[in-house]
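Undergrad: below: sequence and its predicted model.
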Amino acid sequence: MEAPTPANATPQRPRKGGRKPGPLAEKQRHVVSVRLTDAEHERLTTEAERYRLSQGEVLRSVWLHQDTATKLPTPPTPEQARQLAQLAGMAANLNQLTKLAHLSQDQRTGATTVLGQMHHLLKRLTPDAL
């Protein structure tokens, strides 16, 4: 049971919280329903997952004559992802060697080896860039 409120008490206004609304022109307020065959739905789902977009974003980009493949780079293959992880590990090693070099310890051989490996891996990841 609620406690009685005094007669002179003013009602509490609810607090407004959250993100401020953006311009009304940019708000997506309309919903369009589209019927797809099983094959079309599978293709749309695959495309959305491939580019990490929602299905609506994929449809919107096509409708606006923006080819999804040119808008975003293709996701890395598992081999490229493995090489990028290897490259990140080498970069960490190079940072450690640099830190030791600043402490006046001779690490030229290690640094040269790591730099050579990084250059070789970068050439494999982007053959036309280097």
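TA: Arrived safely. What you see is a predicted model, and the numbers here were worked out from it, not measured in a lab.

Undergrad: for the residue most central in space within the chain, what are its contacts?
TA: Most central in the chain under Cα atoms, centre = their mean is Arg52, positioned 8.0 Å from the mean C-alpha point. With contact set as Cβ atoms under 8 Å, 6 or more residues apart in numbering, Arg52 has these partners: Pro75. (C-beta placed from N, C-alpha, C; glycine too.)

Undergrad: tell me the phi and psi of it?
TA: phi 50, psi 50 (degrees, to the nearest 10).

Undergrad: swap in Pro14?
TA: The phi/psi pair for Pro14 (degrees, to the nearest 10) reads phi -70, psi 140.

Undergrad: can you give me the neighbour number for it?
TA: 6 (other Cβ atoms under 10 Å).

Undergrad: over to Arg43?
TA: For Arg43, the neighbour count with other Cβ under 10 Å is 13.

Undergrad: which pLDDT value does the model give the residue nearest to the centre of the chain?
TA: Per-residue pLDDT puts Arg52 at 87.

Undergrad: this structure: helices as residue ranges?
TA: 38-50, 55-63, 68-71, 78-102, 108-125 (DSSP state H).
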